[in-house]
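Visitor: sharing a model prediction with you, sequence too.
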Amino acid sequence: MILTGEKEFYKGIGPVPFEGKESDNPLAYKHYNPEQRVMGKSMREHFKFAVAYWHSFCGQGGDPFGPGTQQFPWDQSSDPLQRARDKADAAFELITKLGFDYFCFHDVDLVDEAESLLETEKRLHHMTEYLAEKKKASGVKVLWGTANCFSNPVYMNGAATNPDFKVVARAGAQIKMALDLTMALEGENYVFWGGREGYMSLLNTDMGRELDHMAQMLTMARDYARAQGFKGTFFIEPKPMEPMKHQYDFDAATAIGFLRKYGLEKDFKLNIEVNHATLAQHSFEHELTVAANEGMLGSIDANRGDHQNGWDTDQFPVNLYEVTEAMLVFLQSGGLQGGGINFDAKIRRNSTDLEDIFHAHIGGADTFARALLTAEKIITSSEYSRLREERYASFDSGKGKDFEKGKLGLKDLAKIALEEGTPHRISGKQERYENLINQFL
Ligand code: XUL
Ligand code: CO
């Protein structure tokens with residue numbers, strides 16, 4: 001059901017239908033068919049697609065060389081609350097026209113931050129009521145909420161990891177506020193992305209102490225939310241750098257080690273973002289695999305980087321090969337634990353028509369859908385699974401099995417090696433595996 005406010009912002013665009021791959025309609029899905037079942041679940045259930053409030057309704061396309069280029073019709077009123085309500089109307093219109101079920105937000109995406117925290121909280125209370133009504137009327141849900149503890153200049157030296165306790169307390173107040181807001185809107189999860197939690201120079205930084213402080217904040221946030229009855233999952237969103245030179249949640253492996261060290265691994269999982277993976281010199285599927293191996297693949301921030309640029313370009317996903325490799329991990333690990341696919345992506349600065357945001361999300365959803373279908377075929381009707389199993393078959397019986405079970409010592413290995421002589425070369429067959437993706441696309 002489409003939900004518009006008093007004004008319709010995306011005029012001339014109706015609900016986006018699924019028309020199949022022969023369709024020439026740029027405002028139709030070619031591959032994302034929400035009710036189509038893939039390995040026991042509908043696409044809608046697999047993906048739980050979400051629109052990111054910040055990129056689609058707040059970010060106006062400014063970059064270090066020039067101001068924003070977007071002229072959002074919901075951003076016109078001089079009254080911050082009216083502007084926020086108009087923005088919410090635009091958000092629900094876009095989400096319902098796309099046929100998505102979810103959105104994600106930072107506290108101050110919903111309404112402009114005021115001079116004081118108290119005034120910001122008042123504004124957020126107002127918006128909570130407004131959004132709760134729109135949620136009820138449309139059935140749209142909150143995939144996750146978060147606190148923006150990185151834009152306000154007060155956080156220039158960090159939020160939870162700030163060397164000044166007063167700033168740490170301020171971050172705590174803001175996180176409490178964002179948790180309250182997320183719970184009031186029945187958010188299914190809560191995200192921590194540590195944008196300023198890291199350092200610019202180690203010369204002035206006590207890294208060990210800052211990490212302890214960060215863990216302390218996460219522990220307090222977990223305890224507070226659980227005491228209020230929050231049942232959802234907390235996600236850490238790793239990113240190696242940008243804005244800081246080095247961020248503490250560098251990548252999935254680092255974040256998992258951190259969560260384990262501080263005893264947070266039962267309440268926290270990971271939100272893996274494509275462009276953060278590539279910034280950390282990993283592939284998207286690498287980060288998904290690391291998280292999935294630990295049972296911590298919670299959610300995905302979908303986007304893509306630019307192969308020639310080093311930074312976080314947050315473009316919408318279009319790379320079928322990359323996303324198919326990711327969907328192989330996704331399907332084989334049983335999908336996401338509580339989260340969904342949030343398009344943490346923005347249209348380009350010179351994409352200034354209101355319909356561009358539709359093309360962007362349609363392209364992203366179709367990319368994931370086509371990749372999911374391809375991965376399904378590779379898993380269910382190709383030699384892929386058998387080839388991988390056979391590659392490790394020497395551990396399924398005999399001494400290999402004993403090794404896996406911990407029944408052998410190093411002396412046993414030495415004896416076996418002497419008896420067996422030089423092992424034969426066994427090809428890794430990488431090219432044969434790679435061709436499967438093209439074969440089934
Ligand atoms: C920044 C980023 C954030 C988080 C939420 O790179 O990905 O938008 O997703 O704070
Ligand atoms: Co993100």
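Guide: That came through fine. Numbering: from 1, shown residues only. Ligands and ions are numbered 1, 2, ... in the order given.
Visitor: contacts only, for the residue in the stretch 101-250 of the chain that ligand 2 sits nearest to.
Guide: At 5.4 Å from ligand 2, residue 237 is the closest residue in the stretch 101-250 of the chain, using C-beta to the ion. Every C-beta, even on glycine, is put in place using the N, C-alpha and C of the backbone. Residues in contact with residue 237, defined by C-beta atoms under 8 Å, 6 or more residues apart in numbering, are 191, 192, 193, 249, 270, 271, 272, 273, 276, 301.
Visitor: let's go with 7 Å and repeat that
Guide: Neighbouring residues of residue 237 by C-beta atoms under 7 Å, 6 or more residues apart in numbering: 191, 192, 193, 271, 273, 301.
Visitor: please identify the buried residues of stretch 349-360?
Guide: For stretch 349-360, the buried set under the neighbour-count rule, 16 or more other C-beta atoms under 10 Å, comprises 349, 354, 357, 358, 360.
Visitor: meant to ask about stretch 395-413, not that
Guide: Applying 16+ other C-beta under 10 Å to stretch 395-413 flags 399, 408 as buried.
Visitor: for stretch 153-168, same thing?
Guide: Buried, per 16+ other C-beta under 10 Å, within stretch 153-168: 154, 155, 158, 159, 160, 161, 162, 167, 168.
Visitor: and that stretch with ligand 1, contact?
Guide: No: against ligand 1, stretch 153-168 shows no contacts by C-beta under 6 Å from any ligand atom, the least distance being 11.5 Å.
Visitor: start and end of that stretch, how far apart?
Guide: End-to-end span of stretch 153-168 (C-alpha to C-alpha, to the nearest Å): 13 Å.
Visitor: and it, average pLDDT?
Guide: Confidence for stretch 153-168, expressed as mean pLDDT, is 98.
Visitor: how distant is it from the center of its chain?
Guide: Average the C-alpha atoms of stretch 153-168, do the same for its chain, and the two points are 25 Å apart (C-alpha atoms, centre = their mean, to the nearest Å).
Visitor: got the contact list for that stretch?
Guide: With C-beta under 7 Å, 6+ apart, stretch 153-168 has contacts from 149, 150, 170, 171, 196, 197, 210, 213, 214, 217.
Visitor: for stretch 21-30, same thing?
Guide: By C-beta under 7 Å, 6+ apart, stretch 21-30 touches 13, 16, 17, 18, 19, 20, 31, 358, 359, 362, 365, 366.
Visitor: buried members of the residues you listed into ChimeraX, please.
Guide: In ChimeraX, a selection of the buried entries from the contacts of stretch 21-30 looks like this (16+ other C-beta under 10 Å):
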select :13,16,18,31,358,362,365,366
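Visitor: closest to residue 377 among the contacts of stretch 21-30?
Guide: Nearest to residue 377 among those, counting by C-beta to C-beta, is residue 31 at 13.1 Å.
Visitor: report pLDDT for that closest one.
Guide: With respect to pLDDT, residue 31 has a value of 98.
Visitor: measure it to ligand 1 for me?
Guide: 25 Å (C-beta to the nearest ligand atom, to the nearest Å).
Visitor: just checking, that residue touches residue 369?
Guide: Yes: judged on C-beta atoms under 7 Å, residue 31 makes contact with residue 369 at a distance of 4.0 Å.
Visitor: what residue spans form the domains of the chain?
Guide: 37-381, 384-440 (automatic domain parsing).
Visitor: pick the most buried one from those domains.
Guide: domain 37-381 (a mean of 19; mean count of other C-beta atoms under 10 Å).
Visitor: circling back: need the domains of the chain in JSON lines with distance to residue 3, can you?
Guide: Formatted as JSON lines, the domains of the chain follow (distance: least, C-beta to C-beta, whole Å):
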{"stretch": "domain 37-381", "distance to residue 3": "4"}
{"stretch": "domain 384-440", "distance to residue 3": "38"}
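Visitor: how about those domains, which one is nearest residue 5?
Guide: domain 37-381 (2.8 Å).
Visitor: and the end-to-end length of that closest one?
Guide: 16 Å.
Visitor: how about stretch 391-403?
Guide: 16 Å.
Visitor: which residues are in contact with it?
Guide: 404, 408, 416.
Visitor: and the protein, which of its residues are near ligand 2?
Guide: 273, 301, 344 (C-beta under 5 Å from the ion).
Visitor: 6 Å instead?
Guide: Those residues of the chain that sit near ligand 2, judged by C-beta under 6 Å from the ion, are 193, 237, 273, 301, 344.
Visitor: from the residues you listed, which are also near ligand 1?
Guide: 193, 237, 273, 301, 344.
Visitor: so residue 339 sits against residue 272, correct?
Guide: No: look at residue 339 against residue 272 with C-beta under 7 Å: they stay out of range, at 9.4 Å.
Visitor: which residues do these two both contact?
Guide: Common neighbours of residue 339 and residue 272 (C-beta under 7 Å, 6+ apart) are residue 300.
Visitor: just to revisit the earlier point, could I get the contacts of stretch 391-403 as TSV with secondary structure and pLDDT?
Guide: Formatted as TSV, the contacts of stretch 391-403 follow (DSSP: H, G, I helix; E, B strand; the rest coil; pLDDT from 0 to 100):
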residue	secondary structure	pLDDT
404	helix	98
408	coil	98
416	helix	98
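Visitor: how about these in JSON lines, adding distance to residue 307?
Guide: Listed next are the contacts of stretch 391-403 as JSON lines, based on distance: C-beta to C-beta, whole Å:
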{"residue": "404", "distance to residue 307": "39"}
{"residue": "408", "distance to residue 307": "45"}
{"residue": "416", "distance to residue 307": "45"}
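Visitor: okay, these in CSV with distance to ligand 1 next?
Guide: Formatted as CSV, the contacts of stretch 391-403 follow (distance: C-beta to the nearest ligand atom, whole Å):
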residue, distance to ligand 1
404, 38
408, 45
416, 49
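Visitor: out of these, who's nearest residue 1?
Guide: residue 404 (53.2 Å).
Visitor: mind listing what residue 369 touches?
Guide: Contacts of residue 369 (C-beta under 7 Å, 6+ apart): 31, 32, 43.
Visitor: from those residues, which single one is nearest residue 230?
Guide: Closest to residue 230, out of all of the contacts of residue 369 and judged by C-beta to C-beta, is residue 43, at 28.3 Å.
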